[in-house]
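A.B. asks: Sequence and predicted structure are below.
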Amino acid sequence: MTDGARRRVVAIDGPAGSGKSTIARAVAERLGLPVLDTGAMYRAITLAVLEAGADPGDPAAATRIAADAGLEMEGGVVLGGHDVASAIRGPEVTAAVSIVAAHPEVRRVLVERQRRWIDAHGGGVLEGRDIGTVVVPDAAVKVFLVASDDVRARRRQADEADARRAVTVEEMREAMAQRDALDRGRSVSPLRPADDAIVVDNSRRGIDSIADEIAARFHEAAGGELEG
């Protein structure tokens, strides 16, 4: 990545249901920057693994599929020429994504893609689990979003209901706890806040308030970069 691109990055990390996507879009709108959902990239590769009939726990197969995948993240999530934005949110992908994402070589492949995206766009708002710690450790602003387990579970249960999938809040809470354990316990790029990240509790605070704070911090850190 170029130094200029790094200085125009907002890194937003956090567990599932912490509000990363909503906050990332709001911040990007304020700053006039593009957004990259890196979690959707791992989900898309997981979908490709499942569609290929491969074992999500096979690192060699998952890495090969990740390296060869025709994945595009401009204006949606396109895999092999098909819009998979809805398919990657299904229960099969959700159950397997933390397994695929734990493979070090899969992460290496996708981190390289993410850094190329940053250079191609001259920066951006990136959301994920290792943006501030691994992908762009010198981002202009690093944020780690958290929320209570109950709030997170209710948000995700609402998403499932919108997709016409019947899941209870308790089932969602248990599934998220299992995924949190996998994400935090993996040997490479575990889910954790960067040492200098701003930790923000998004349980009850308003979206506008959080987005305004992050945008202000970006302007303070980046100075005239947006105009440069």
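C.D. replies: That came through, no problem.
A.B. asks: Could you tell me which ranges of the protein sit under the pLDDT cut-off?
C.D. replies: The model of the chain has pLDDT under 70 over residues 223-228.
A.B. asks: Grab the most central residue of it for me.
C.D. replies: residue 128 (2.4 Å; C-alpha atoms, centre = their mean).
A.B. asks: Next up, the contacts around it.
C.D. replies: Going by C-beta atoms under 8 Å, 6 or more residues apart in numbering, residue 128 touches 12-13, 20, 37-39, 135. Where C-beta positions appear, they are placed from N, C-alpha and C, glycine not excepted.
A.B. asks: Identify the residue nearest residue 150 in space, chain neighbours excluded?
C.D. replies: What sits nearest to residue 150 in space, not counting adjacent residues and going by C-beta to C-beta, 6 or more residues apart in numbering, is residue 173, at 7.4 Å.
A.B. asks: residues contacting the residue nearest to residue 201 when sequence neighbours are not counted?
C.D. replies: Closest residue to residue 201 in three dimensions, ignoring its sequence neighbours and counting by C-beta to C-beta, 6+ apart: residue 146, at 5.4 Å. Contacts of residue 146 were listed using C-beta under 8 Å, 6+ apart, and they are 14-15, 18, 199-203.
A.B. asks: gap between residue 64 and residue 134?
C.D. replies: As for residue 64, its distance to residue 134 is 22 Å (criterion: C-beta to C-beta, to the nearest Å).
A.B. asks: Let me fix that, I meant to ask about residue 194.
C.D. replies: 9 Å.
A.B. asks: now swap in residue 87 and tell me
C.D. replies: Computed with C-beta to C-beta, the distance linking residue 87 and residue 134 is 27 Å.
A.B. asks: Repeat that for residue 68.
C.D. replies: Computed as C-beta to C-beta, the residue 68 to residue 134 distance reads 23 Å.
A.B. asks: Comparing those two, which residue is more hemmed in?
C.D. replies: Neighbour totals were compared for residue 68 and residue 134, and residue 134 leads with 18 against 11 (other C-beta atoms under 10 Å).
A.B. asks: wait, doesn't that one sit right on residue 111?
C.D. replies: Yes - Residue 134 sits in contact with residue 111 when judged by C-beta atoms under 8 Å, with a separation of 6.4 Å.
A.B. asks: Distance of the residue nearest to residue 150 relative to residue 93?
C.D. replies: From residue 173 across to residue 93, the span is 19 Å (C-beta to C-beta).
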